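Trainee: Mind folding the following:
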Amino acid sequence: MAEQELKLHVPRGARPGVMRELALRPVARVRLRASYFDTPSRELAQAGVALRLRLEGRKWVQTLKMPGEHALARIELNNARPNRSLDLGAYVGTPAEAILAALREPLGICYETDVQRVLRLVRTRHGTVEIAYDTGRLRAGALELPISEIEFELISGRLAAVFSLGRRWQKAHGLVVDARSKSERGDQLAQLDQRLTAIAGDAEAALAARSALVADFWAPSGAAPVALNAEMSAAQALRAVTFECLEQIVRNSAVLAEIDTAGVCRAATSEHIHQLRVGVRRLRSAWALFDGITELPPENLRQEIRRYFSMLGGARDDDVLREALLPVLTKAGLPPIDLGNTSSEGDDGASVAAGREFQGWILDVMAWALDAEHTAAHHPLIIAAPVQTKAGALSGTEPGEPASQELPPVPAALRAELRNRLRRWHRRILREGLRFAELDEETRHDLRKRVKRLRYGLQFSEALLPSSRLKPYRKKLAVVQDILGDMNDLVVGFARFEQMRDAQPSAWFACGWIRSRLETLAQEAAEAFRELSRAKRFWR
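Mentor: I've put the predicted structure just below:
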């Protein structure tokens with residue numbers, strides 16, 4: 001059997017409600033104080049291993065977690081200890097032995113956690129789930145982060161039990177999905193502490209360097225490669241791509257929701273909104289790529305994300321105008337102009353990302369991707385290891401949810417299917433792109449979206465395509481996408497300045513400059529499409 005946990009962040013305002021609901025049934029409480037070990041050069045973290053020694057109430061337990069048979073699996077090895085001392089001999093004959101034997105440096109404590117855990121065992125018609133609510137602190141040197149998270153761990157039954165219960169609690173209390181484990185957060189915090197400590201120099205320069213390091217700690221998360229292989233079914237490939245896109249979405253939305261920083265500082269930036277939208281657009285592109293090849297998520301999930309994408313777009317457009325376009329216009333001679341407050345509360349990126357509806361959508365897509373094939377495969381968002389029930393949980397009951405739909409396996413020659421789809425997309429964008437000067441604004445906008453979709457499709461399929469042809473093709477496609485993206489930003493800006501012309505004459509300057517720049521970019525776009533048409537065909 002495999003343990004599977006869904007972890008959600010509990011915002012400060014939700015904590016009283018979570019405790020009240022937990023207390024509706026008998027609970028157990030235990031204090032957990034843990035020290036996590038690694039070498040100075042982070043040899044364990046780089047191998048994907050976490051080693052801790054934890055005082056659970058009055059009992060010491062040594063735990064090692066590491067990757068399992070594949071990249072998304074995890075092994076958890078637990079050993080009782082008589083005191084606060086490590087026993088690496090406990091791993092002789094286990095998969096961890098070789099990793100520990102290869103360590104070049106001595107182990108030491110890198111970070112610690114001090115947590116108060118409230119436990120409750122819940123039975124649903126899909127299975128038994130243990131709820132663990134943790135509050136406390138994570139410490140590394142002089143730095144601390146708050147811990148406020150609730151985990152839903154499958155003890156027996158089907159994975160649907162975890163998601164039905166977690167989804168209900170998320171909706172009721174406004175919980176937020178967090179992809180990071182305590183060990184990931186702790187390792188990153190320990191690195192930050194070391195870097196901050198190493199900074200020297202004059203006060204002003206040191207302060208600027210420290211501020212940059214702190215900002216980088218919550219840096220936006222970009223796209224990661226997806227390793228598809230020709231032996232995968234189309235359904236398996238789609239789920240692999242879906243998980244990777246969700247990872248980008250979850251990590252950026254978590255920073256926008258200020259999981260670590262609420263009430264202390266503001267970590268979220270306009271780039272987090274941009275990367276969140278990129279993750280959403282990539283996911284929609286993946287669904288378009290596999291449409292007709294394998295079964296997609298339910299229609300409501302695919303339609304719902306359109307609304308969130310549009311809401312996030314309002315905040316993004318304003319950021320582009322202020323941070324990118326306005327400085328260029330000012331340098332070109334734009335007289336002083338007042339842009340006013342253009343973002344409404346409902347369009348605020350942070351409120352959308354942290355909202356109950358958006359976070360619920362994330363859980364629903366995760367549940368579809370994991371449940372559709374009744375897979376017990378692991379993923380960073382679902383932490384898995386051999387089953388070990390947390391001691392002291394007491395029982396209760398909860399209503400169940402309808403069983404998830406079963407997706408039959410869909411045999412497909414994956415490489416051929418994706419190659420043919422990408423080839424058709426390529427031909428369509430060239431049909432319009434080679435007559436770019438004739439296209440109206442709306443058609444150009446739709447063409448830009450199709451170019452993005454093709455580029456993301458190539459990223460997803462990269463491992464299945466000939467790299468010698470793909471690299472130069474992608475380079476030319478990127479030029480097209482960049483030009484069309486610049487044009488889109490200018491069109492959005494022109495519409496804004498056009499509305500301001502009667503009240504602020506300076507806006508006339510902006511409109512004239514933008515119109516001239518658009519004409520230049522249109523010529524560059526036409527040439528970029530011609531260059532793309534000469535590229536070697538990546539599908540051959």
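Trainee: Can you list the low-confidence ranges for the stretch 401-540 of the chain?
Mentor: Low-confidence segments of the stretch 401-540 of the chain, defined by pLDDT under 70: 401-412.
Trainee: Of all the residues in the longest helix along the chain, which ones are buried?
Mentor: Across the chain, the longest stretch assigned as helix under DSSP state H is helix 467-500. Buried residues in helix 467-500, counted by 16 or more other C-beta atoms under 10 Å: 470, 473-474, 476-477, 479-481, 483-484, 486-490, 492-494, 496-497, 500. In short, each C-beta sits where N, CA and C put it, glycine included.
Trainee: The next helix or strand after it - contacts with which helices or strands?
Mentor: Counting by DSSP states H and E, the next helix or strand C-terminal to helix 467-500 is helix 506-533. For helix 506-533, the packing partners by 3 or more C-beta pairs under 8 Å, 6 or more residues apart in numbering; DSSP states H and E come out as helix 326-331, helix 414-433, helix 467-500.
Trainee: Please name whichever of those is nearest to Gln62.
Mentor: helix 414-433 (42.9 Å; C-beta to C-beta).
Trainee: Show residues contacting that closest one.
Mentor: For helix 414-433, the external contacting residues (C-beta atoms under 8 Å, 6 or more residues apart in numbering) are 228, 230, 232-234, 237, 289, 293, 439, 443, 447, 450-451, 453-454, 457-458, 460-461, 464-465, 480, 525-526, 529, 532-533, 537-539.
Trainee: Flag every buried residue along it.
Mentor: So helix 414-433, judged by 16+ other C-beta under 10 Å, has buried residues 414-415, 417-419, 421-422, 425-426, 429, 432-433.
Trainee: circling back: and the angle for the longest helix of the chain with helix 414-433?
Mentor: 40 degrees (axes from the mean of the first three to the mean of the last three C-alpha atoms, to 10 degrees).
Trainee: could you redo the helices and strands packed on helix 506-533 as a markdown table and give each row distance to Cys110?
Mentor: Shown next, in a markdown table, are those (distance: least, C-beta to C-beta, whole Å):
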| stretch | distance to Cys110 |
| --- | --- |
| helix 326-331 | 42 |
| helix 414-433 | 42 |
| helix 467-500 | 38 |
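Trainee: looking at these, which is closest to Asp364?
Mentor: Checked against C-beta to C-beta, the stretch from the helices and strands packed on helix 506-533 lying closest is helix 414-433, at 25.7 Å.
Trainee: could you give the angle of the closest one to helix 506-533?
Mentor: Going by the same axes, to 10 degrees, helix 414-433 makes 130 degrees with helix 506-533.
Trainee: Mind exporting the C-alpha coordinates of helix 414-433 to PDB?
Mentor: Provided in PDB are the C-alpha atoms of helix 414-433 (Å, rounded to 0.1, in the frame of the first residue of the first chain):
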ATOM      1  CA  LEU A 414       2.000   9.000 -29.000                       C
ATOM      2  CA  ARG A 415       4.800  10.400 -31.200                       C
ATOM      3  CA  ALA A 416       2.800  10.200 -34.400                       C
ATOM      4  CA  GLU A 417      -0.400  11.600 -32.800                       C
ATOM      5  CA  LEU A 418       1.400  14.700 -31.400                       C
ATOM      6  CA  ARG A 419       3.500  15.200 -34.500                       C
ATOM      7  CA  ASN A 420       0.500  15.300 -36.700                       C
ATOM      8  CA  ARG A 421      -1.300  17.700 -34.400                       C
ATOM      9  CA  LEU A 422       1.700  20.100 -34.300                       C
ATOM     10  CA  ARG A 423       2.100  19.900 -38.000                       C
ATOM     11  CA  ARG A 424      -1.500  21.000 -38.600                       C
ATOM     12  CA  TRP A 425      -1.000  23.900 -36.100                       C
ATOM     13  CA  HIS A 426       2.100  24.900 -38.000                       C
ATOM     14  CA  ARG A 427       0.400  25.000 -41.300                       C
ATOM     15  CA  ARG A 428      -2.500  27.000 -40.000                       C
ATOM     16  CA  ILE A 429      -0.400  29.800 -38.500                       C
ATOM     17  CA  LEU A 430       1.600  30.000 -41.700                       C
ATOM     18  CA  ARG A 431      -1.600  30.300 -43.800                       C
ATOM     19  CA  GLU A 432      -2.400  33.500 -41.900                       C
ATOM     20  CA  GLY A 433       1.000  34.600 -40.900                       C
END
